[in-house]
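K.L.:
Provided below are the primary sequence and the corresponding predicted coordinates.
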Amino acid sequence: MIGLQDVANGVMLGATIGLGAVGLTLTYSILGFANFAHGELITGGAYAALTLFWLLAATVGWGVGHFGALSFGAPFLVVLAAAMLLTAALAIGLEQALFRPLRRRGTQIVLVIASFGASLALRSLITFVWGPEPQYYTREISIAREVLPGVRVTADQLFVLALTTGLMLALHLLLTRTTLGRAMRAASENPALLALTGIDPAAVARWTCLIGGGLAAVAGVFLGLTVQVRPLLGFELLLPLFAAVILGGVGSVYGALAGSLVIGLAEALSVPLVGAEYRAAVAFVVLLAVLVIRPAGIAGGRE
Amino acid sequence: MIGDVFAYLVFFLVIALTYALACLGLNLQWGFTGLFNVGVAGFVAVGAYTSAILTAPANPERLGGVAWPIAAGWVGAALATGAVALGVGLVTMRFRHDYLAISTFGIAVTIQLLATNLVGLTGGPFGIHGVPRPFADVVASPLGRNVVYLVVVVVLVGAVYAGLERLVRSPWGRVLRGLREDEAAAAALGKSPATFRLQAFTIGAMVMGLAGAVYAHFVGFVAPEDFLPILTFQVWTMLVVGGAGNNRGAVVGALVVWALWSASGGALAAILPHALQARGAALQTVLIGAGLAAVLLVRPRGLCGEETVVSPHAVAE
């Protein structure tokens, strides 16, 4: 039986997928390839935060803290910002060391193979350094409250939803009101023409990686906060991310957000019907259906 | 001592040549036709499970268990994998290559889920044990059995190699390369891209399924964690290192990469402190991942590279 609670869960899941999918759709259209390593940016962000929490606890004795009904406090926000920067640096590092040299001489497919290899290598490196066991930021339990009849959410989840909305608003303003945003949109439309205006496409690519990596880190830290930190965290999100991006049309930020909401709802609502064990295949079925019916995505998008 | 080395060499070659089979299958799809299949592990799994289900002794908790002869299991594996690939291909062959990559990745994930959850058919997370090993009743010693198995695998790889070489050098193979290089031109000559791609995809997948069956009967059991994305990645690395578009390269790549993989495993076991041993496999994957990136950057053609073919009718300038 599908209830309101499933809808609420789907929206929450959709928000987290959205943080990853928006970054993925930007890099997909601006860097010009399907980056299979995007899931590992999410995982990387989660582990960067985990390590920072350890360091803070070991050096200045900060815990995760807590504020009101939230299971965390101010230190969490500091760590989140730092994890975003670290993950953005990882994304830029991958772009500079691997993808840019390959883009100059190879085809799009070579880039996809390379990103598949980078994904596995990063995932294995994370497993090697931090171990395969699931870990947690805090042992505090965030208590679910009834916000609507039959719908219980935790304060942490509401915080995640609010911050995601804020970040998306900021991204919207960046893309529409700033020179960088216009350059990014131009880079996905016509990179050659962009270069003619005197803007360095490599710099635009780096900014794109920074934004994509930063948003992926937020998704990873939120998943770490509300679920747990595991080496497969981001990898298991890869199919939902791609499904959301293609559903919304590659390159469309709003499409990716809408797609994420659809995928999140589809996953949450299908659990009572097909069982949790097949949840991972739901995003894939939606993806196939979109590709068969509208290969360019629902929100248009370009071929 | 020499006996140990010999036994290890036989074991090594059987595994490496099993990879070579999967790599030959991928070479037909990617090397010659340009089909970006990121679901190699899924197709290998279909073959391995099919043969295991057909040949394993009866088990009240599982369907199948009809204890067919091993040869029938292998034929069944190729046919079942071909059928799955045909179904998948009918839907996906008209997708753009990056969408094909994402779709095949999803297929491998789905096959993995089915293998883990269809307990009544696949044995679930524990897999299927007691997959019969050929010649078990004829040859007594385990080493002798491995040697006989190696001979069978060598003959099989040789036959598949010869068959694929014939195919890719035939007019049919030329159409595949033509499609890969310039789809519009090939279509303008009246060659249906979707049909030829579907044929190449299905035949390549059948070879992968055969590789899965060969693997299952060598180790004697199949389980879902034998077919993780790392398998796809290994086969891709082998093809890229050996040289896509060259069947000799596919076999050479499988041997070289599996040798490096085994050697790095041994080296890490010797170097790493005891506490980190359990995580050594993860570090091994990092090394191979970095190696693949390095080959792509430094030598994109691979060790062998594709032969340049010039039409005998071409006039030299």
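P.N.:
Cool, the structure landed.

K.L.:
wouldn't residue A:132 be in contact with residue A:231 here?
P.N.:
Yes - applying CB atoms under 8 Å, one finds residue A:132 in contact with residue A:231, separated by 6.0 Å. Just so you know, the C-beta spots here come from the backbone N, C-alpha and C atoms, and that holds for glycine as well.

K.L.:
The two: which has the busier surroundings?
P.N.:
Legend: neighbour count by other CB atoms under 10 Å in any protein chain shown for residue A:132 and residue A:231, higher for residue A:231 (24 against 13).

K.L.:
who touches the residue nearest to that one when sequence neighbours are not counted in this structure?
P.N.:
Spatially, and ignoring its direct neighbours in sequence, residue A:231 is nearest to residue A:127 (4.4 Å; CB to CB, 6 or more residues apart in numbering or on different chains). Contact partners of residue A:127, counting by CB atoms under 8 Å, 6 or more residues apart in numbering or on different chains, are A:231, B:279, B:282.

K.L.:
if we go to 10 Å?
P.N.:
Listed by CB atoms under 10 Å, 6 or more residues apart in numbering or on different chains, the contact set of residue A:127 reads A:43, A:133, A:230-232, B:279, B:281-283, B:285-286.

K.L.:
shared neighbours of residue A:132 and residue A:231, anything?
P.N.:
A:126, B:282.

K.L.:
Next up, the contacts around the residue lying closest to residue B:253 once chain neighbours are set aside.
P.N.:
Spatial nearest neighbour of residue B:253, excluding adjacent residues (CB to CB, 6+ apart): residue B:242 at 2.1 Å. By CB under 10 Å, 6+ apart, the residues touching residue B:242 are B:20, B:23, B:27, B:31, B:248-257, B:295, B:302-305.

K.L.:
Residue A:253 now?
P.N.:
A:18, A:21-23, A:25-26, A:29, A:168, A:171-172, A:175, A:184-185, A:299.

K.L.:
change it to 7 Å
P.N.:
By CB atoms under 7 Å, 6 or more residues apart in numbering or on different chains, the residues touching residue A:253 are A:22, A:25-26, A:171, A:175.

K.L.:
Give the helix, strand or coil label for residue A:146.
P.N.:
strand (DSSP: H, G, I helix; E, B strand; the rest coil).

K.L.:
so who does it touch?
P.N.:
residue A:152 are the contacts of residue A:146 under CB under 7 Å, 6+ apart.

K.L.:
cool, and residue A:161?
P.N.:
Contacts of residue A:161 (CB under 7 Å, 6+ apart): A:12, A:15.

K.L.:
Which helix or strand contains it?
P.N.:
Per DSSP states H and E: residue A:161 is located in helix A:155-177.

K.L.:
Determine if any part of the helix or strand bottoming out on mean pLDDT in chain B is in contact with chain A.
P.N.:
Within chain B, no helix or strand scores below helix B:280-298, which has a mean of 78 by mean pLDDT, DSSP states H and E. Yes - using CB under 7 Å from any CB of the partner chain, helix B:280-298 reaches chain A at B:282-283, B:285-286, B:289-290, B:292-293, B:296-297.

K.L.:
ok, now stretch B:214-227?
P.N.:
No - Stretch B:214-227 does not reach chain A (CB under 7 Å from any CB); its nearest approach is 11.9 Å.

K.L.:
buried set for that stretch?
P.N.:
B:214-218, B:221-224, B:226-227 (16 or more other CB atoms under 10 Å in any protein chain shown).

K.L.:
Same question for stretch B:52-70.
P.N.:
Buried, per 16+ other CB under 10 Å, within stretch B:52-70: B:52-56, B:62, B:64-65, B:68, B:70.
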